[in-house]
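Enquirer: show me how the following folds:
(one chain, ligands or ions: 2)
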Amino acid sequence: MNEIQQEILALKKTRNAVILAHNYQTADIQEIADHVGDSLGLAYKARDAQADIILFCGVHFMAETAKIVNPSRTVLIPDMDAGCSLADSCPAEELGAFLREHADKNYYVVAYINCSAEVKALSDVICTSGNAMNIVSKVPADRNILFVPDANLGEWVQQKSGRSMQLWEGSCYVHMEFTHESILRMRDLHPGTPVVAHPECTRAVRMLADEVCSTEKMIGYCREHPSDQFIIVTESGMLHRLRREVPGKTFLAGPTDTCSCSDCRYMKLNTLEKVRDALLSNTPELVLSEEVRAKALTPIQRMLEWSL
Ligand code: 13P
Ligand code: SF4
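Expert: Numbers count the residues shown, from 1 in each chain. Ligands and ions are numbered 1, 2, ... in the order given. Below is the predicted model of the structure:
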């Protein structure tokens, strides 16, 4: 542990804070976190947190989710500008207008957790990449589903479940950077190495993968699989988590056409200095209107119940 990491651990105690970090955070932040995980796992940790402060090292919609499920805690985020291109691709006003325009369809809105609190408030149930198949399978068969905001994840669920859905045309810019050609080249360089891809990747990339799953499920898959080397097609922070949790195996980053890996510029806005400063100053604090929070809670609770 370096000096600043030790300072954070001490501050965490005096401030009675819990640090939650997404799998895409840098190694030094993952090291000082109480829990590292995917969106679903961290939503449970946030809901059950007893500490006065939840310091969420991830992006804005994740900190919002923590506040929605555990409003009596102070929720801090190291950098308020840590947004998400996927969440931005579905503004609540546009979703509201779409639902009004297609009121005759009486859509059941399934929203991937990567969206704003206002979009959650307009939705019927939330899902994550870890439970999307399960959640969609529980939507009454006689309802038309509108899946927002990730068209790639929605298409993957549609393909696997056979359930047809109206897809919102949103995407994550990080996963869109992987191409069929970039992964094909990597596979040719490492013949026989299993390719593990996140469902936010395009169909052209997913079709090259031996396994498509959420970040958390990647750990179990790589642990159980007999291969001792894997090509991981998701944000680069995941490599650190895998190397820590599955020692003795080799994890290669899936490359893009221009780079040897893909980094999320929003996730990477968080730094150890900002984590320390947030604990020192109790800012930036995530604040939500009670009206939006209460409306957004219902579909999240439905997800948590349906995931049991
Ligand atoms: P999860 O596997 O946690 O759903 O991560 C995907 C992602 O892009 C989070 O921003
Ligand atoms: Fe959003 Fe993609 Fe970054 Fe995740 S990796 S926070 S989906 S931009």
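Enquirer: output the lowest mean pLDDT helix or strand found in the chain.
Expert: Ranked by mean pLDDT, DSSP states H and E, the weakest helix or strand in the chain is helix 39-48, scoring a mean of 92.
Enquirer: near ligand 1, anything from stretch 26-42?
Expert: Yes. Contact of stretch 26-42 with ligand 1 (Cβ under 6 Å from any ligand atom) involves 38-39. Yep, even glycine has a C-beta here, placed from its N, CA and C like the rest.
Enquirer: do that stretch and ligand 2 meet?
Expert: No. Contact of stretch 26-42 with ligand 2 (Cβ under 6 Å from any ligand atom) is absent, the minimum separation being 8.8 Å.
Enquirer: need the contact partners of that stretch.
Expert: 1-2, 5, 8-9, 12, 18-23, 25, 45, 56-58, 62, 65-66, 113-114, 128-131, 214-216, 237, 240-241, 244, 268, 270-272, 275, 307 (Cβ atoms under 8 Å, 6 or more residues apart in numbering).
Enquirer: among the residues you listed, which are within reach of ligand 1?
Expert: Within the contacts of stretch 26-42, those near ligand 1 by Cβ under 6 Å from any ligand atom are 114, 128-129, 214-215.
Enquirer: could I have the longest helix anywhere in the chain exported to CSV, CA atoms only?
Expert: With secondary structure taken from DSSP state H, the chain has its longest helix at helix 290-306. Output in CSV follows, covering the C-alpha atoms of helix 290-306 (Å, rounded to 0.1, in the frame of the first residue of the first chain):
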residue,chain,number,x,y,z
GLU,A,290,-37.2,12.5,-3.3
GLU,A,291,-39.8,12.3,-6.0
VAL,A,292,-37.4,10.8,-8.6
ARG,A,293,-35.8,8.6,-6.0
ALA,A,294,-39.0,7.0,-4.9
LYS,A,295,-40.2,6.4,-8.5
ALA,A,296,-36.8,4.9,-9.5
LEU,A,297,-36.8,2.6,-6.4
THR,A,298,-39.9,0.5,-7.5
PRO,A,299,-38.3,-1.0,-10.7
ILE,A,300,-35.0,-1.6,-8.8
GLN,A,301,-36.8,-3.4,-6.0
ARG,A,302,-38.6,-5.5,-8.6
MET,A,303,-35.2,-6.4,-10.1
LEU,A,304,-33.8,-7.3,-6.7
GLU,A,305,-36.8,-9.5,-5.9
TRP,A,306,-36.8,-11.2,-9.3
